[in-house]
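J.: Can you look at this prediction? I've put the sequence above it.
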Amino acid sequence: MHLAQTAQESKDIHFENMMENYGDILLRMCFMQLQDGEMARDAVQETFLKAYKKWNSFKKQSSELTWLTSIAINTCRDIRRTAWFRNRGKTIKLEDAREPAYTQAFEDDTVLQAVAALPEKYRLAILLYYYQDMRQEDISATLKVPINTVKTWLRRGKELLRTQLEGWFEA
């Protein structure tokens, strides 16, 4: 009984550390996917619950962050597929949904709005590569697509951003 209790306590402590280390990273990623602070927090909480339940199936073939990011992306996809999400008011603006902590960091959110407006595959590739500092190999593992697909999505996403932001960065 004591060994089982110790193993459970060790798992709990490990998850507390993961939440502290990766919670903000996942929150930013979920926020960019859902564009709603409350829903992003719910998605992160759901991500950690799923990870906790599936901890024994984590094969450690990737980093914990890659594994958690994959779960978070799928959780956000599930939320976006719900009838409520699809039918809610489409008038939500990024500045209305943004959390106060992000306001100070991004006074001019033109780039964030442009990234948020990208099609999902390009948005995910851009977010994971530039905002999460993930390597292309890790993005490939997270999204479960070939690395050449990731490279193509990054290139096409950058091209779309370049078109959308033309003239913005030239002062």
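T.: Alright, I've got the coordinates.
J.: And the protein, what are its domain boundaries?
T.: For the chain, automatic domain parsing gives the domain ranges 1-106, 108-171.
J.: Now render the ones you listed as JSON lines, adding mean pLDDT and mean neighbour count.
T.: For glycine as for every other residue, the C-beta is placed from the backbone atoms N, C-alpha and C. JSON lines is the format used below for these (pLDDT from 0 to 100; neighbours: other Cβ atoms under 10 Å):
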{"stretch": "domain 1-106", "mean pLDDT": "79", "mean neighbour count": "15"}
{"stretch": "domain 108-171", "mean pLDDT": "87", "mean neighbour count": "16"}
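J.: Point to the residue nearest the middle of this protein.
T.: Centroid-nearest residue in the chain, with Cα atoms, centre = their mean: residue 29, separated by 2.8 Å.
J.: Help me confirm that that one comes into contact with residue 68.
T.: No - with contacts counted by Cβ atoms under 8 Å, residue 29 stays clear of residue 68, the gap being 9.8 Å.
J.: What distance do you get for residue 124 to residue 115?
T.: Between residue 124 and residue 115 the distance is 10 Å, computed by Cβ to Cβ, to the nearest Å.
J.: before we move on, which element is residue 125 in?
T.: helix 120-126 (DSSP states H and E).
J.: Please work out which residues outside that helix touch it.
T.: Helix 120-126 is contacted by residues 32-33, 73, 115-116, 118, 139, 143, 150, 153-154, 156-158, 160-161 when judged by Cβ atoms under 8 Å, 6 or more residues apart in numbering.
J.: contacting residues for residue 27?
T.: By Cβ under 8 Å, 6+ apart, the neighbours of residue 27 are 40-41, 44.
J.: tell me which element it falls in.
T.: Counting by DSSP H and E, the element that carries residue 27 is helix 2-34.
J.: Hey, what's the angle from the following helix or strand past that helix to helix 2-34? Just curious.
T.: Using DSSP H and E, the helix or strand that follows helix 2-34 towards the C-terminus is helix 37-53. Going by axes from the mean of the first three to the mean of the last three Cα atoms, to 10 degrees, helix 37-53 is angled at 150 degrees with respect to helix 2-34.
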